[in-house]
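Enquirer: give the three-dimensional model of this entry:
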Amino acid sequence: MTFRALVLEKDGDGPATAAVQTLEDDRLPAGDVTVAVEYSTLNYKDGLCLGPKGGGLVKAWPHIAGIDFAGTVEASDDPRYAPGDKVVLTGWRVGERHWGGYAEKARVKADWLVPLPEGLTTRQAMAVGTAGFTAMLAVMALEDHGLSPDKGEVLVTGAAGGVGSVATAILAKLGYDVVAVTGRPAEEGYLRDLGAARILPRAEIAETVNRPLESEIWAGCIDAVGGSMLARVLGQLKYQASVAAVGNAGGIQVPATVIPFLLRGVNLLGIDSVMRGFDDRQRAWGRIASDLPMEKLEAMIRPAQLEEVPQLGADILKGAVRGRVVVDVNS
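Expert: Numbers count the residues shown, from 1 in each chain. Below is the predicted model:
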């Protein structure tokens, strides 16, 4: 038995190369469950793994990247899954340290899988992927810390990206007034279609301000940018409001003070989607199935084939990918 895969190879200190190859099934890594992959997707971390040196994330070669996949169980040594079951995988260092979803087959630990929620197709699940899963975790965290639609405007930074797009659509459906931040004026129509009540140009909030506190503006924020933008958002949050930090596209250093925490009691919530336990994963995927409008999700999708993934990986690192890439690994 064989399967097609996008294989990353690296010779010594040279750059990694990527090419679609046909492999024997016995090349699959150890695991409890073999999945016939139907769709994968593209995240920022995938772009890093596909880079010249594996982004520092890939430790062994040859390698198959793809941190997300959805498909049908082909064989299982674990009683929780049987052939024919539809499953989703995100995170768990799959696609980094363990062969991932840019292939027609994957073999993984049963603990890493989640049953596909009723009402979602495998294609829709990969339109969500780690980006959308992270967005849902962020919404849940904000709600768990008191956010509700009556509290005021909710800011979404990096709104045209994968996390931001899904977050905008979910929040809008839940009745929130979403303010979408983007540095790409051409994306205004796209973001309004997702449900953004208004658009805030990135330049208006990316500016560094030397005051630790500004006027109270935001009832909450999902921040995919980090850096100086996150620092400024902290100073604009309403009393006891929260920001869910999900990314660092604007840098890992946050030039902030403790004043917003001490005088306004604001919360900085870190969102990790990689090592989340099964219960949190089930809860989040259930909320995705109920709270993410599928017609909005469809508008985010950019379909792709395995051969296109390396170029798309380079594009996402440049901030040049809108919405969600869905990779049909069998096309």
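Enquirer: and the residue nearest the centre of the chain, its phi and psi?
Expert: Centroid check for the chain by C-alpha atoms, centre = their mean gives A131 as the closest residue, at 1.4 Å. Per-residue torsions, A131: phi -60, psi -50 (degrees, to the nearest 10).
Enquirer: so what does the lowest-mean-pLDDT helix or strand in the chain touch, helix or strand wise?
Expert: Here the helix or strand of the chain ranked lowest by mean pLDDT, DSSP states H and E is helix 202-206, holding a mean of 91. Helix 202-206 is packed against strand 178-182, helix 227-234, with contacts defined by 3 or more C-beta pairs under 8 Å, 6 or more residues apart in numbering; DSSP states H and E. Using the backbone N, CA and C atoms, a C-beta is placed for each residue, glycine as well.
Enquirer: how far off centre is it?
Expert: Relative to its parent chain, helix 202-206 has a centroid offset of 23 Å by C-alpha atoms, centre = their mean, to the nearest Å.
Enquirer: could you list the buried residues of it?
Expert: Using 16 or more other C-beta atoms under 10 Å as the test for burial, helix 202-206 gives 202, 205-206.
Enquirer: for stretch 45-59, same thing?
Expert: For stretch 45-59, a neighbour-count test (16+ other C-beta under 10 Å) marks 45-51, 54-55, 57-58 as buried.
Enquirer: same question for stretch 234-253.
Expert: Going by neighbour count (16+ other C-beta under 10 Å), the buried part of stretch 234-253 is 234-238, 241-250.
Enquirer: which one of these is nearest V266?
Expert: L237 (4.5 Å; C-beta to C-beta).
Enquirer: so what's that closest one closest to, chain neighbours aside?
Expert: Of all residues not flanking L237 in the chain, V266 sits nearest, at 4.5 Å (C-beta to C-beta, 6 or more residues apart in numbering).
Enquirer: so what's the closest residue to A16 other than its chain neighbours up against?
Expert: Sequence neighbours aside, K10 is the residue nearest to A16 in space, at 4.3 Å (criterion: C-beta to C-beta, 6+ apart). Neighbouring residues of K10 by C-beta atoms under 8 Å, 6 or more residues apart in numbering: 16-17, 53-54, 61.
Enquirer: least confident of those?
Expert: When these are sorted by pLDDT, the bottom entry is K53 at 87.
Enquirer: give me every residue that touches the spatially closest residue to it that is not a sequence neighbour.
Expert: Spatially, and ignoring its direct neighbours in sequence, K53 is nearest to A16 (6.4 Å; C-beta to C-beta, 6+ apart). Counting by C-beta under 8 Å, 6+ apart, A16 touches 8-10, 50-54, 58, 61.
Enquirer: returning to that earlier point: for the residue nearest to A16, give me phi and psi.
Expert: Per-residue torsions, K10: phi -150, psi 130 (degrees, to the nearest 10).
Enquirer: so how far is W61 from it?
Expert: 5 Å (C-beta to C-beta, to the nearest Å).
Enquirer: anything in contact with each of the two?
Expert: Common contact partners of K10 and W61 (C-beta under 8 Å, 6+ apart): 16, 54.
Enquirer: host element of R123?
Expert: Element membership of R123, judged by DSSP states H and E, is helix 122-144.
Enquirer: tell me which element A106 falls in.
Expert: Assigned by DSSP H and E, A106 falls in strand 105-108.
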